[in-house]
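> Please work out how this folds:
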Amino acid sequence: MNDLHYAVLVGINRYPAISDLRGARGDAARFRDWLVDPAGGQVPEANVTLVTATEQDEREADVLTAVPTRESVNRALYQAHRAVRQAVADGGSWADTRLYLFLAGHGIAPFGGDAALLMANAAIDLLGHHIAVRPYLSWYESASPFHEIVFFADCCRTRYGGVAAFGPPFTDTTEAPDKVECLVGYATSLGDPAYEQQEPAPDQSRGHFTTALLEGLRGAGGGTVTAEGKVTSDSLADYVRRHVLDRTTRALVPQQARFLRETSTPIVFAEGLRGIGSYPVALRFPDGFRGWVELRGRDISPPRRLYVDGAPHTEPLVPGLYRVVPESVTAPDLRDGGYFEVVTGGGHGVQF
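Coordinates of the predicted model:
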């Protein structure tokens, strides 16, 4: 495990004074799943903080009581950098430290910043309730509690020149900052919107950026896996840029992910993936087929539920044998009983 890696993950669906989203809270949870996966980020669960509202919070909150707030995020970040400094003081290697900050929800590009996640208690006249990427990154570069900083922002970057970008409240207590390696991934270009992939069930909705990000981190299609069997910041950025644009090419403003890397060498996210990367597989169902199905197979536990409404479903799958099982006993039979196989380097579309 990467004992000196820490993460703060923020996902906000409910905005009482703006408009609600469907997939941001789930995206933060899915990113957490990759982080704590022994085959993924290998971050100890105790080092990962998920900053979201409960379903009850979302039902009952108004703009004055909505959570999470800036204070919630700042508290989690403060606890993380205090913990890592103590771990380094106790003998841990600063060179092995890393912080992940994942932000998903509504966003703007404030004056003096390039992206800011609006917090749940934001409103049109309260846009100062935000976490701004650039000022926070600048503090971490200066104070250097972590050697590596990885920020991912799955939110819009609509320009708001009348809103200042606020930084963290932390005090820089270091006397001789060290060289910090940074990677920042933005869901979209400066000034542009970011989109969610809408699904009939709200808990199945997700951001296009986060979907591509997690596929890439798991080695989707082998395209992010280097010859050494690693997923790096360079290979990941290339995959995400291509696949976010592909997923949104028909939008009024196609979404173009952006990455900023300030590192001496690429950051490594996963190793030992040679030959076991996943592939995006398009699942195509018979005309007129509607309803829920379960996707069963290798590395899928519990079974993954999908709602079929006529459009193909694209799922990242590693090579192996799978089966799609309709939940309704009256559903029409699927070709080959719903069984299919994903093979290395083969065609990755299935017609049932």
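
> need the longest helix for the chain.
Assignment by DSSP state H gives helix 70-89 as the longest helix of the chain.

> Mind giving me the packing neighbours of the very next helix or strand once past it?
Beyond helix 70-89 in the direction of the C-terminus, DSSP states H and E gives the next helix or strand as strand 98-104. When contacts are defined as 3 or more C-beta pairs under 8 Å, 6 or more residues apart in numbering; DSSP states H and E, strand 98-104 sits against strand 5-11, helix 24-36, helix 70-89, helix 133-143, strand 148-154. Where you see a C-beta, it was placed from the backbone N, CA and C, and this is true even at glycine.

> Partner strands of strand 98-104, with direction?
Paired with strand 98-104 in the same sheet, following DSSP bridges, are strand 5-11 (parallel), strand 148-154 (parallel).

> between that strand and helix 133-143, what angle do the directions make?
Following axes from the mean of the first three to the mean of the last three C-alpha atoms, to 10 degrees, one obtains 170 degrees for the angle between strand 98-104 and helix 133-143.

> what's around F170, how many residues?
16 (other C-beta atoms under 10 Å).

> The residue positioned nearest the centre of the chain: which element?
Taking C-alpha atoms, centre = their mean, the centroid of the chain lies closest to T210, which sits 3.8 Å from it. Using DSSP H and E, T210 maps to helix 208-217.

> quick one: average confidence on the helix or strand encompassing R305?
Assigned by DSSP H and E, R305 belongs to strand 300-308. With pLDDT averaged residue by residue, strand 300-308 scores 79.

> any idea which helix or strand comes after that strand?
strand 313-317.

> what helices or strands is that following strand leaning on?
Strand 313-317 packs on strand 279-284, strand 300-308, going by 3+ C-beta pairs under 8 Å, 6+ apart.

> possible to save the strands paired with strand 98-104 as JSON lines with mean pLDDT, mean neighbour count and distance to F166?
Output for the strands paired with strand 98-104, formatted as JSON lines (pLDDT from 0 to 100; neighbours: other C-beta atoms under 10 Å; distance: least, C-beta to C-beta, whole Å):
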{"stretch": "strand 5-11", "mean pLDDT": "98", "mean neighbour count": "25", "distance to F166": "15"}
{"stretch": "strand 148-154", "mean pLDDT": "98", "mean neighbour count": "25", "distance to F166": "15"}
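
> so which of these gets nearest G92?
strand 5-11 (11.1 Å; C-beta to C-beta).

> distance between the closest one and the chain's centre?
10 Å (C-alpha atoms, centre = their mean, to the nearest Å).

> swap in stretch 251-268?
That offset, for stretch 251-268, works out to 13 Å (C-alpha atoms, centre = their mean).

> give me the number of residues near the residue nearest to T211 when sequence neighbours are not counted?
Of all residues not flanking T211 in the chain, Q197 sits nearest, at 6.5 Å (C-beta to C-beta, 6 or more residues apart in numbering). Applying other C-beta under 10 Å, we find 16 residues neighbouring Q197.

> remind me which residues of the chain are low pLDDT?
Applying pLDDT under 70 to the chain flags the ranges 173-177, 199-203, 221-223, 274-278, 298-299, 301, 319, 343-347.
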